[in-house]
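In: Structure for the following, please:
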Amino acid sequence: QFEVVESGGGSVQPGGSLRLSCAASGFTLDNNYAIGWFRQAPGKEREGVLCIRRNDRIVEYSGALKGRFTISRDNAKNTVYLQMNSLNAEDTAVYYCAATRYGCSSLDSNYEYRGQGTQVTVSS
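Out: Residues are numbered from 1 along each chain as shown. Below you'll find the model as predicted:
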């Protein structure tokens with residue numbers, strides 16, 4: 001079964017950092033795929049955060065990031081990471097990753113493989 005699985009979520013205080021991982025199962029998560037990170041806060045629609053293209057160029061979808069988040073891939077580990085720094089309460093959400101053999105999109109419905117999400121809570 002082909003799937004992507006997120007991990008690394010948890011609770012953190014404002015100003016803290018977390019690194020989320022997106023691992024693939026059943027296929028190789030390499031530069032044949034663009035990988036997007038999305039998030040959905042309570043009562044809000046799911047929004048795109050960052051996407052890494054097949055050529056490793058980055059697309060930023062959320063103006064709220066202000067350079068605090070970065071995305072990277074490690075093909076040797078079949079994993080894509082979302083490094084989140086200077087977290088604040090507005091970053092509280094379920095974070096999802098998704099993979100596509102095509103181009104980045106701000107809509108996760110355009111990705112062939114989508115994970116179940118990992119909760120990130122920022123609170124003092």
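In: Only C-alpha atoms from now on, for both contacts and neighbour counts.
Out: Fine.
In: Alpha carbons of the strand or helix carrying S72, in PDB - could you do that?
Out: In this assignment (DSSP states H and E), S72 forms part of strand 69-74. The C-alpha trace of strand 69-74 is given here as PDB (Å, rounded to 0.1, in the frame of the first residue of the first chain):
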ATOM      1  CA  PHE A  69       9.400  27.400   8.400                       C
ATOM      2  CA  THR A  70      11.600  25.500   6.100                       C
ATOM      3  CA  ILE A  71      11.100  22.400   4.000                       C
ATOM      4  CA  SER A  72      13.800  19.900   3.000                       C
ATOM      5  CA  ARG A  73      14.100  16.400   1.700                       C
ATOM      6  CA  ASP A  74      16.500  13.500   2.500                       C
END
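In: The helix or strand just after that strand pairs with which strands, and in what direction?
Out: Proceeding N to C from strand 69-74, the next assigned helix or strand is strand 79-84, under DSSP H and E. According to DSSP bridges, strand 79-84 has the following sheet partners: strand 18-25 (antiparallel), strand 69-74 (antiparallel).
In: Take these and lay them out in TSV including mean neighbour count.
Out: Shown next, in TSV, are these (neighbours: other Cα atoms under 10 Å):
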stretch	mean neighbour count
strand 18-25	20
strand 69-74	18
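In: closest to S123 out of these?
Out: strand 18-25 (13.2 Å; Cα to Cα).
In: starting at the chain centroid, how far to that closest one?
Out: 8 Å (Cα atoms, centre = their mean, to the nearest Å).
In: for that strand, what is the average pLDDT?
Out: Mean pLDDT, strand 18-25: 96.
In: which other residues reach that strand?
Out: 1-9, 12, 29, 78-85, 97 (Cα atoms under 8 Å, 6 or more residues apart in numbering).
In: now swap in stretch 89-98 and tell me
Out: 4-6, 14, 22, 35-42, 108, 111-123.
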